[in-house]
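[1] Kindly return the folded structure for what I paste below:
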Amino acid sequence: MKRVLLSAVVLAGMAVLAQNQTASKKAADGKGEAQMKLPPNYREWVYVSSGFDMSYVPGLANMGHSMFDNVFVNPEAYKKFLETGTWPDKTVFVLEARMAQNKGSINKKGSYQGEVMAREVHMKDEARFPGKWAFFGFGDGDTGTLIPTSADCYSCHSAHGAVDTTFVQFYPTLIGVAKQKGTLSAGYVKETQGK
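    Next up is the predicted model:
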């Protein structure tokens, strides 16, 4: 019985691996919808910042609710960024949007974070993605779908990202590193001059 169970677990693991490899190949070939699994331990990664009610699009400024955006990056990429001021290949950011709450327990003023509303991954893979970076959107589950390169997030990050299409300008512990290492993008420097 134990052998049968172990064999089933091994076969299931091989099936998941094959499925992820097929999805990756389809993305690289441009022949299908690529998917990725949400890193299960991303909340143990390096926390780089939280935003509150941030919006880059004027029409989304009034959503009828408030939210926090928490950003985490894989530890290996964070360490390399501290050394060089640039993001290495295989950098993975997870943005976690949480509902802002203000009524609960003993809270009398201000907001605190509630349930997860959405998650998004910004991933650098120079061999896999034509523009080196890609975005994956996650619904309620732990499997994300590749966001098409025609989406506004790509052009916005390319035009306004402080370092390599990433919004380091909103990461208070890292913007100084980029300034010190001289890795700020020309576009970001130009748009902040005179401010």
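
[2] Where does pLDDT dip in the protein?
    1-33, 58-64, 194-195 (pLDDT under 70).

[3] make it 90
    1-34, 51, 53-67, 100-114, 130, 139-141, 193-195 (pLDDT under 90).

[4] Could you name the helices and strands sitting against the lengthiest strand in it?
    For the chain, the longest strand by residue count, based on DSSP state E, is strand 112-124. With contacts defined as 3 or more Cβ pairs under 8 Å, 6 or more residues apart in numbering; DSSP states H and E, strand 112-124 has these neighbours: strand 67-73, strand 92-101, strand 133-138, strand 143-146. C-betas here are computed from N, CA, C, even on glycine.

[5] try 6 Å
    strand 92-101, strand 133-138 (3 or more Cβ pairs under 6 Å, 6 or more residues apart in numbering; DSSP states H and E).

[6] Identify the residue spatially nearest to V168, adjacent ones excluded.
    The shortest distance from V168 to any non-neighbouring residue, by Cβ to Cβ, 6 or more residues apart in numbering, is to A162 (4.1 Å).

[7] same deal with V48?
    Y171 is the one closest to V48 (Cβ to Cβ, 6+ apart), at 4.5 Å.

[8] Next, count neighbours for Q101.
    16 (other Cβ atoms under 10 Å).

[9] can you tell me which residues contact the residue lying closest to it once chain neighbours are set aside?
    In this structure, Q101 finds its nearest non-sequential neighbour in G114, 4.2 Å apart by Cβ to Cβ, 6+ apart. For G114, the contact set (Cβ atoms under 6 Å, 6 or more residues apart in numbering) comprises R98, M99, Q101.
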